[in-house]
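1. what follows is a predicted structure for the sequence shown.
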Amino acid sequence: MTDIALRAVHLTKRYGRLTALDDLNLDVIRGEVFGFLGPNGAGKSTTIRLLLGLARPSSGHAEVFGVAAADVTRAHRLLAYVPADVALWPHMTGAEILHLQARTGPGTDLAYRDELVDRFELDPSKPARTYSTGNRQKVALIAAFATRAPLLVLDEPTSGLDPLMEREFRTAVRSARDRGQTVFLSSHQLAEVEAVCDRVAILRAGHLADVATMSGLRALHRSEVTVSYTGPAPALAVVPGVEAITETGEGQLRFTLTGPPAPALRSLAAAGVTALAVREPSLEEVFLDYYGTENGR
Ligand SMILES: Nc1ncnc2c1ncn2[C@@H]1O[C@H](COP(=O)(O)OP(=O)(O)OP(=O)(O)O)[C@@H](O)[C@H]1O
């Protein structure tokens, strides 16, 4: 089997006059956790459907471990897929669905599956129609993580999960990587991708803006700090990582911070700080900051 888990070659999808994906060329290497990051509507789900042969490209093609994505029967033996909107058979219980998926998929580690049911705190005895969005997502994630499929494709996998379950999700992704599985996950959350991925592709308005390693992405990650103080004005201009210092009022400052916060905090220590707020920018803001102001279309 080839070492390229997923390959997109000039992959393009047009819906009428809208180009949802424009000439994507991308290789995901076997064994890596690969993030596919982009704001809402960037074309992430469209790309995933093309990579999995579930939609037909306008031009270009995709491969799963060297198998043409259009050959869905063969390609899908190599992967487990969790869509963004998980639909389950409404009258079956979680346990029955997991049982069925284990029989039809590429092979399941049943002991690990039962462990995941506990860890994700899923009550498998209930019929699927009674499950919340998050619980439906859990069923699909448990089924996917428990398979021995060499590739897991997860579309916005944590959108319905609460923070505790997000932690379990991250643990499960790391275990998948330790077992040698390749994980491809789409997200619009920088923090999630930062926590689990080795590399990340950044998609913006249907265009691949960048493929970065995590350290490259961290350089993009800039927090906005607002501070009120009663003492002397802090000498922030000389602090590494501090930029865009703006006086917002009497004894009030705003600045952006990249990298470790310790030097900035040391400089603030003598200023008699009365309030400090740190805000993580949204992905859209990071993109605007990094890629310019036009909306990319
Ligand atoms: N079947 C379709 N028909 C027409 N337009 C579509 C169709 N599917 C997607 N689009 C459009 O293609 C663009 C990309 O959508 P897509 O769902 O792939 O984005 P996304 O990055 O997954 O967004 P989100 O994070 O909101 O799910 C959007 O402008 C969307 O409206």
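-> Thanks, I have the structure now. Residues are numbered from 1 along each chain as shown.
2. please identify the helix or strand for S45.
-> Following DSSP states H and E, the helix or strand that holds S45 is helix 44-51.
3. can you check V225 too?
-> Per DSSP H and E: V225 is located in strand 222-229.
4. please apply the same query to A102.
-> Counting by DSSP H and E, A102 is part of helix 94-104.
5. dump the next helix or strand after that helix to CSV, restricted to CA.
-> Downstream of helix 94-104, the first helix or strand assigned by DSSP H and E is helix 110-119. Provided in CSV are the C-alpha atoms of helix 110-119 (Å, rounded to 0.1, in the frame of the first residue of the first chain):
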residue,chain,number,x,y,z
LEU,A,110,-14.6,-4.8,20.1
ALA,A,111,-12.9,-4.4,23.5
TYR,A,112,-11.7,-0.9,22.6
ARG,A,113,-15.2,-0.1,21.3
ASP,A,114,-16.7,-0.9,24.7
GLU,A,115,-14.0,1.1,26.4
LEU,A,116,-14.9,4.1,24.2
VAL,A,117,-18.6,3.7,25.0
ASP,A,118,-17.6,4.2,28.7
ARG,A,119,-15.1,7.0,28.1
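6. buried sites along helix 110-119?
-> Across helix 110-119, burial judged by 16 or more other CB atoms under 10 Å covers 112-113, 115-117, 119. (Glycine included, C-beta is placed from N, CA and C.)
7. same question, stretch 260-280
-> By 16+ other CB under 10 Å, the buried positions in stretch 260-280 come out as 261, 263-264, 267-268, 271, 273.
8. cool, and stretch 200-219?
-> Applying 16+ other CB under 10 Å to stretch 200-219 flags 200-209, 212, 214, 217 as buried.
9. how about low-confidence regions in this structure?
-> Under the criterion pLDDT under 70, the flagged ranges of the chain are 1, 105, 218-220, 282-284, 286-297.
10. hey, where'd the strands end up in it?
-> Assigned by DSSP state E, the chain shows strands spanning 4-15, 18-29, 33-37, 59-64, 67-68, 79-82, 151-155, 182-187, 199-204, 207-213, 222-229, 242-249, 252-258, 273-279.
11. what lines up beside the shortest one in the sheet?
-> What that stands for is strand 67-68. strand 59-64 (antiparallel) (DSSP bridges).
12. the last one now?
-> As defined by DSSP bridges, the strand partners of strand 273-279 come to strand 222-229 (antiparallel).
13. packing partners of the helix holding A102?
-> For helix 94-104, the elements it packs on are helix 110-119, helix 133-146, judged by 3 or more CB pairs under 8 Å, 6 or more residues apart in numbering; DSSP states H and E.
14. count of residues packed around the residue in the stretch 151-297 of the chain that the ligand sits nearest to?
-> Taking CB to the nearest ligand atom, the ligand has its nearest neighbour within the stretch 151-297 of the chain at H188, 5.3 Å off. Neighbours of H188 under the rule other CB atoms under 10 Å: 19.
15. ok, the one 3 residues further on next?
-> Burial of A191 is recorded as 11 neighbouring residues (other CB under 10 Å).
16. pull the contacting residues for it.
-> E280 (CB atoms under 8 Å, 6 or more residues apart in numbering).
17. equivalent analysis for L88, please.
-> Taking CB under 8 Å, 6+ apart, we find L88 in contact with 97, 128, 131, 136, 139-140.
18. domain ranges for this structure, per the record?
-> 4-218, 221-291 (automatic domain parsing).
19. is the shortest one in proximity to the ligand?
-> No: taking CB under 6 Å from any ligand atom as the criterion, domain 221-291 and the ligand are apart, separated by no less than 10.1 Å.
20. residues of the stretch 1-150 of the chain that sit close to the ligand?
-> Going by CB under 6 Å from any ligand atom, the residues of the stretch 1-150 of the chain near the ligand are 15, 18, 20, 38, 40-46, 84.
21. need the buried ones from those selected in ChimeraX.
-> Remark: buried members of these, expressed as a ChimeraX selection using 16+ other CB under 10 Å:
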select :20,38,42,43,44,45,46
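22. in the residues of the stretch 1-150 of the chain next to the ligand, find the pair that's most separated.
-> L18 and A84 (18.8 Å; CB to CB).
23. one step back: deepest in the core, which of the domains of the chain is it.
-> Among the domains of the chain, ranked by average contacts under mean count of other CB atoms under 10 Å, first place goes to domain 4-218 (a mean of 18).
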